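**Student:** have a look; sequence and predicted model below, questions after that.
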Amino acid sequence: MQTQSKTPSTAMVVLAFATVYIVWGSTYFFIQRALAGLPPFTLGAIRFIAAGLLMMTWSVLQGEKLFSWQNMKPAVVTGLLLLFIGNGVVIWVEQFLPSAMVAIMLSSSPLWFVALDKSKWQENFSNKSTIAGLIIGFAGVVLLFSERIMNSFSSLNSSRDLFAMLLVILGSIAWSGGSLYSKYKTGSSSATVNSTWQMLAAGIAFIPGALISGELQNIDFQAVPMNTWLATGYLVIFGSIIGFSAYVWLLKVQPATKVSTYAYVNPVVAVLLGIFFAKESISQIQIIGLIVILGSVLLINLHKYRKVSRPVSQAC
């Protein structure tokens with residue numbers, strides 16, 4: 001793991017952030033397409049087992065050491081927290097809650113990152129630009145979806161939907177906690193091997209849910225439309241293998257609060273994709289929300305820009 005201690009190139013960091021921002025933002029659209037033909041637990045099992053097996057094949061071809069329980073254990077824990085609980089909750093509740101409302105509640109993740117990252121409390125809570133950026137970013141997401149949220153509240157089914165909303169919050173906490181666990185507790189194996197076991201653990205964990213709910217017994221795989229399989233393939237390759245691997249790597253080389261800004265930018269990408277590809281319209285309040293979110297990301301990174309500029313000014 002000595003290579004991870006080296007300072008990563010700016011180009012690699014920018015590429016990884018762009019991947020997490022754009023690719024994961026697009027998964028809102030493709031999850032919806034995949035759920036049109038596959039039930040949620042089955043989709044989760046197929047997506048993560050397929051991604052895990054592909055990464056395992058790559059690891060074997062690269063001569064990686066796969067079977068070491070010391071390294072597998074933290075990867076399995078991370079996979080269950082991030083992908084099974086965190087991502088699985090989102091897939092399941094979107095059967096009941098509007099996606100806009102889910103996106104709002106998921107955007108609380110950066111706040112949970114700050115609250116749960118005890119080792120960085122002093123640094124994070126003393127950094128005014130970071131705290132301001134996190135709060136403003138959450139407000140920006142609320143603005144972005146405010147019109148949809150107002151319409152959604154009138155259609156909520158009291159107890160069932162309140163339970164679903166609680167699950168989303170718990171899922172957001174599990175995702176933040178799992179991300180921090182991955183950052184600090186991952187074993188000494190490569191990022192590819194870690195991601196392999198994370199995805200396989202999550203995929204296997206979805207199977208009991210698919211059996212108990214009766215999904216596997218009732219589904220006719222031959223009747224699943226091609227668009228669903230194509231959307232699932234996109235989720236496997238881009239959402240899981242490329243996007244998730246970039247996310248796990250960023251957690252290792254960048255502050256968790258900065259990486260967590262994906263939760264603000266992903267809804268922006270989802271809205272823009274809806275405008276360009278689904279012919280959705282955008283209102284003035286949504287434009288304001290987009291601007292506020294982008295401003296919050298700049299605020300969260302302001303501390304880094306100041307650090308970079310100080311040595312330059314001193315040298316002059």
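**Tutor:** Noted; the coordinates are in hand.
**Student:** for residue 273, give its distance to residue 297.
**Tutor:** Using Cβ to Cβ, to the nearest Å, residue 273 is found at 18 Å from residue 297. (Glycine included, C-beta is placed from N, CA and C.)
**Student:** which one of those two is surrounded by more residues?
**Tutor:** It is residue 297, of residue 273 and residue 297, that has more neighbours when counted by other Cβ atoms under 10 Å, with 21 against 17.
**Student:** quick one: mean pLDDT over the helix or strand containing that one.
**Tutor:** Following DSSP states H and E, the helix or strand that holds residue 297 is helix 284-315. Taken as a whole, helix 284-315 has an average pLDDT of 63.
**Student:** cool, and stretch 86-97?
**Tutor:** Mean per-residue pLDDT for stretch 86-97: 80.
**Student:** export it as PDB, just CAs?
**Tutor:** What follows is stretch 86-97, C-alpha atoms only, in PDB (Å, rounded to 0.1, in the frame of the first residue of the first chain):
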ATOM      1  CA  GLY A  86     -26.900   2.200   1.800                       C
ATOM      2  CA  ASN A  87     -27.700   1.500  -1.900                       C
ATOM      3  CA  GLY A  88     -30.200  -1.200  -1.200                       C
ATOM      4  CA  VAL A  89     -32.400   1.000   0.900                       C
ATOM      5  CA  VAL A  90     -32.500   3.600  -1.900                       C
ATOM      6  CA  ILE A  91     -33.500   1.000  -4.500                       C
ATOM      7  CA  TRP A  92     -36.200  -0.400  -2.300                       C
ATOM      8  CA  VAL A  93     -37.800   2.900  -1.100                       C
ATOM      9  CA  GLU A  94     -38.000   4.300  -4.600                       C
ATOM     10  CA  GLN A  95     -41.000   1.900  -5.000                       C
ATOM     11  CA  PHE A  96     -42.900   4.200  -2.600                       C
ATOM     12  CA  LEU A  97     -41.200   7.600  -2.400                       C
END
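**Student:** which residues touch that stretch?
**Tutor:** Stretch 86-97 has contacts (Cβ atoms under 8 Å, 6 or more residues apart in numbering) with 31-32, 35, 40-41, 43-44, 102, 106, 152, 157, 160-161, 164-165, 167-168, 170-172, 174-175, 178, 202, 205-206, 209.
**Student:** just stretch 175-188 next, same as before
**Tutor:** Contacts of stretch 175-188 (Cβ under 8 Å, 6+ apart): 1, 68, 70-75, 77-78, 80-82, 85-87, 109, 112-113, 116-117, 119, 194, 198, 247-248, 251-252, 256, 259-260.
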